[in-house]
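Peer 1: Okay, here's the prediction I keep looking at, along with the sequence it came from:
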Amino acid sequence: MLFFIFGNNKAQYIPKNNTEILKKEAKVYAEKTYQQLSEDEKIGQLFIVALYTNKGEDFINQVKTLVEKENIGGLILMQDDTRRHINLVNELQGKSKIPLMIGMDAEWGLYQRLPIAHKFPWAMTLGAIQDNTLIYEMAAKIAEDCKRMGIYWDFAPVVDVNTNPINPIIGNRSFGSNVKKVIEKGLAYSYGLQDNGVLASIKHFPGHGDTDTDSHLDLPVVNHSLHRLNKVELAPFKALMDKKIGGVMVAHLYVPSLENQKGIPASISYNIVTNLLKNKYGYQGLIITDALNMNAVAKRFSPGELDLRAFKAGNDIMLFSQDVPSGKRLIKKSLQSGEISQDRLKESVMKILEAKYLLGLQNFKPIDANNIERDLNNDTHQKLTEKLYANALTLIKDEAKALPLKSSKYYYLPLEEAYYQDFIKELQNGREVELITEDKLNILPQNTSIIVGFHKDNSTAYKPYKISAKSKAILDRVAAKHQLILVVFGSPYALRDINIKNYPTVLVAYENNELSMKATAKGLLGKTKIHGRLPVVVNQDLKEGIGIDVASIQSETECSAKPNVVIE
């Protein structure tokens, strides 16, 4: 696909196959189409609404009405059945006068909304990977899956710099706490999408990484100085905007250093969206709000008023509008009064129409639902994902040079009562491994080799990561008498509140699922190398960037360990 250069800024990202001819064609198409639209139809293009297929026929009929009568610009696909989504997208595209922009939150793939699709690793896991071409490959595969479903806008990647370990909504969704690495990985992800015909949307501007409030529930406050914001929070957005990444999503955050009116969220702030994002940064891509049903804004403003405020602030698209007719009516009234100029309306609608043309939506063909389950989750997905997990494995400590595993027999003690069976099964392909429970520890002779796995339920990116007091006590008990190898199948922040100085070997695997467990077992056995790096600052001992390299047995006659950090 050839797209996403709306301005004349020379600092721009040029996707594969981009041509000046196509860009000119897009402008001609947009201008011609714009002139054919009524004012009501133009305003309709500013709205993207949610499509749930599991909320009954009444809800679906309401969406159909918004497409046919209100001429909305697009849909965001939410949870439910894949085939029903396909059938509805086909039907609604056929009913829409202007092709619909279909989007989805697919940060770790379509699985984020569609359970039959493949789940790719979270951004935190990707943050541990040193080879960013793997992130590009993952995003390219996500783009392929998106297009298979008729989706041409992935509301990803998250480029928030996660500096707050207790952040309730970003955490695993962030590439980490290192600004430079967040930029590099965000670019790799965005390029992977856009080179393969899907629009990226960097989020959550101006930076959601140091918040302790979930904006789905209330309005977070980011209380940093302008100097700090420029250095940390804003830096990834500025860097990716300079590369002309096609979209940016504006968050519901109150940032006093950027908005002097108390309590005004960034998403409806003229100072932030227009003065900073558009004027100072010169960004000319598509600007979309975060979902307008989120309580950070929804409980402060009525739906139609919220749409009007968001558009007046400078956004091109209102996402997840709760009352499109009211929003349209208020925007139309403001146009008639001169409060909003016709030029302002044209600016946004032209950008939307150009993007649709550049994505090829004017040539939409009905999606074939045959074999959709196979196409969205197959061997190519799984092989890539296991490779990603293998490259993320991060060895924090290995004082006893325990890795790769050298003893003939190990005991395995799982903690936290989450699923672990695939890990022990894969380990047993290379070593004798016996499952043991905490009540049987006393019967083992001293200095027994015990692998302890911290298996936390992380079926979503938002699950609590902390190690329980009971598990901490068991870890200390094992470390006092035995040769302990601790493997954390979860967030590295799980290590935040424990003292690992008494634990000789600690490995972070980041996630607890079948493919991460298989990759981890192979790493322990020396079948693959271990060379990940910690993506975040965990505490004063565990700094971002630490990690110990362990070569695979296949690649080295003798495995070598090269620590780049020593924890005293």
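Peer 2: Structure's in. What do you need? Keep in mind that what you see is a predicted model, and the values were worked out from it rather than measured. Numbering: from 1, shown residues only.

Peer 1: Thought Leu507 was touching Ala128, still the case?
Peer 2: No - with contacts counted by CB atoms under 8 Å, Ala128 stays clear of Leu507, the gap being 11.4 Å. No exception for glycine: its C-beta is placed from N, CA and C like everyone else's.

Peer 1: give me phi/psi at Gly56?
Peer 2: Dihedral pair for Gly56: phi 90, psi 170, per degrees, to the nearest 10.

Peer 1: the strands in the stretch 451-568 of the chain, which residues?
Peer 2: 483-489, 505-508, 548-550, 561-563 (DSSP state E, counting those that start in this stretch).

Peer 1: Least reliable of those by average pLDDT, please.
Peer 2: With a mean of 40, strand 561-563 has the lowest mean pLDDT of the strands of the stretch 451-568 of the chain.

Peer 1: my read: Lys351 touches Leu286, true?
Peer 2: Yes - between Lys351 and Leu286 a contact is recorded at 5.7 Å, counting by CB under 8 Å.

Peer 1: Need the residues touching each of these two.
Peer 2: Residues touching both Lys351 and Leu286 (CB atoms under 8 Å, 6 or more residues apart in numbering): Asp316.

Peer 1: Which parts of the chain belong to which domain?
Peer 2: The chain breaks down by automatic domain parsing into domains covering 20-376, 393-563.

Peer 1: Switch the ones you listed over to CSV; also include mean neighbour count and distance to Lys387.
Peer 2: Formatted as CSV, those follow (neighbours: other CB atoms under 10 Å; distance: least, CB to CB, whole Å):
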stretch, mean neighbour count, distance to Lys387
domain 20-376, 20, 7
domain 393-563, 19, 8
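
Peer 1: Now do the SS call for Asp450.
Peer 2: Actually, residue 450 is Ile. It isn't Asp. Classification of Ile450 by DSSP: H, G, I helix; E, B strand; the rest coil places it in strand.

Peer 1: Lys332 too?
Peer 2: With three-state DSSP as the criterion, Lys332 reads helix.

Peer 1: what pLDDT does Leu319 get?
Peer 2: 99.

Peer 1: Is it in contact with Ile288, as I believe?
Peer 2: Yes - between Leu319 and Ile288 there is a contact at 5.3 Å, judged by CB under 8 Å.

Peer 1: Between these two, which contacts overlap?
Peer 2: The contact lists of Leu319 and Ile288 share Ile48, Met249, where a contact means CB under 8 Å, 6+ apart.

Peer 1: For this protein, give me the ranges with low pLDDT.
Peer 2: 1-18, 555-568 (pLDDT under 70).

Peer 1: can you do 50?
Peer 2: 1-14, 557-568 (pLDDT under 50).

Peer 1: before we move on, back to that, which residues do Ala128 and Leu507 both contact?
Peer 2: In contact with both Ala128 and Leu507: Leu393, Thr394, using CB under 8 Å, 6+ apart.

Peer 1: what about the helices in the stretch 251-400 of the chain?
Peer 2: 270, 295-298, 303-313, 324-337, 342-358, 372-376, 379-392 (DSSP state H, counting those that start in this stretch).

Peer 1: For His208, which of the ones you listed is the nearest?
Peer 2: Smallest distance to His208 across the helices of the stretch 251-400 of the chain (CB to CB): 10.6 Å, for helix 295-298.

Peer 1: got the CA coordinates for the closest one in CSV?
Peer 2: Extracted in CSV, the C-alpha atoms of helix 295-298 (Å, rounded to 0.1, in the frame of the first residue of the first chain):
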residue,chain,number,x,y,z
ASN,A,295,-15.2,7.5,32.1
ALA,A,296,-12.3,9.9,32.1
VAL,A,297,-14.5,12.0,29.8
ALA,A,298,-17.9,10.3,29.6
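
Peer 1: Show residues contacting that helix.
Peer 2: When contacts are defined by CB under 8 Å, 6+ apart, helix 295-298 is touched by residues 215-220, 252-253, 265, 267-268, 292, 306, 322.

Peer 1: can you redo the residues you listed as JSON lines with distance to Ile98?
Peer 2: Output for those, formatted as JSON lines (distance: CB to CB, whole Å):
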{"residue": "Ser215", "distance to Ile98": "31"}
{"residue": "His216", "distance to Ile98": "30"}
{"residue": "Leu217", "distance to Ile98": "35"}
{"residue": "Asp218", "distance to Ile98": "36"}
{"residue": "Leu219", "distance to Ile98": "34"}
{"residue": "Pro220", "distance to Ile98": "35"}
{"residue": "His252", "distance to Ile98": "28"}
{"residue": "Leu253", "distance to Ile98": "32"}
{"residue": "Pro265", "distance to Ile98": "29"}
{"residue": "Ser267", "distance to Ile98": "25"}
{"residue": "Ile268", "distance to Ile98": "26"}
{"residue": "Leu292", "distance to Ile98": "21"}
{"residue": "Leu306", "distance to Ile98": "24"}
{"residue": "Gln322", "distance to Ile98": "22"}
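
Peer 1: ok, so of the residues you listed, who is nearest Glu39?
Peer 2: Distance to Glu39, by CB to CB, is smallest for Leu306 among the contacts of helix 295-298, at 20.9 Å.

Peer 1: Just list whatever residues bridge to Ile451.
Peer 2: The partner list for Ile451 in beta bridges (DSSP bridges) reads Tyr412, Ile485.

Peer 1: Show the contacting residues for the closest residue to Met78 other than its chain neighbours.
Peer 2: Nearest residue to Met78, sequence neighbours excluded (CB to CB, 6 or more residues apart in numbering): Tyr52, at 4.7 Å. Applying CB under 8 Å, 6+ apart to Tyr52 gives the contacts Phe59, Met78, Gln79, Asp80.

Peer 1: mind putting the residues you listed in TSV, secondary structure and distance to Val478 included?
Peer 2: What follows is these, written out as TSV (DSSP: H, G, I helix; E, B strand; the rest coil; distance: CB to CB, whole Å):
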residue	secondary structure	distance to Val478
Phe59	helix	52
Met78	coil	44
Gln79	coil	41
Asp80	coil	44
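
Peer 1: Out of those, which is nearest to Cys146?
Peer 2: Met78 (14.7 Å).

Peer 1: which residue packs closest to Val255, ignoring adjacent ones?
Peer 2: Going by CB to CB, 6+ apart, Val255 has Val222 as its nearest residue, at 4.6 Å.

Peer 1: I'd say that neighbour and Tyr254 touch.
Peer 2: Yes - Val222 lies in contact with Tyr254 (CB under 8 Å); the separation is 7.2 Å.

Peer 1: before we move on, back to that, tell me which entries of the contacts of helix 295-298 lie within strands.
Peer 2: Using DSSP state E, no member of the contacts of helix 295-298 falls within strands.

Peer 1: Contact partners for the nearest residue to Gln483 once chain neighbours are set aside?
Peer 2: The spatial neighbour of Gln483 that comes closest, neighbours along the chain excluded (CB to CB, 6+ apart), is Ser449 at 4.6 Å. Applying CB under 8 Å, 6+ apart to Ser449 gives the contacts Ala402, Ser407, Lys409, Tyr410, Tyr411, His482, Gln483, Ile485.

Peer 1: Tabulate those in TSV, adding columns for distance to Tyr191.
Peer 2: Converted to TSV, the contacts of Ser449 look like this (distance: CB to CB, whole Å):
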residue	distance to Tyr191
Ala402	39
Ser407	44
Lys409	47
Tyr410	42
Tyr411	45
His482	47
Gln483	45
Ile485	38
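
Peer 1: Going by distance to Gly360, which of those residues wins?
Peer 2: Taking CB to CB as the measure, Gly360 lies nearest Ile485 of the contacts of Ser449, at 51.4 Å.

Peer 1: so who does the closest one touch?
Peer 2: Ala402, Leu403, Tyr410, Ser449, Ile450, Ile451, Val452, Pro504, Thr505, Leu507, Leu524.

Peer 1: and what of Ser491?
Peer 2: Counting by CB under 8 Å, 6+ apart, Ser491 has contacts Met124, Gly171, Asn172, Lys456, Asn458, Tyr465, Tyr510.

Peer 1: now with 7 Å?
Peer 2: With contact taken as CB atoms under 7 Å, 6 or more residues apart in numbering, Ser491 is in contact with Met124, Gly171, Asn172, Tyr465.
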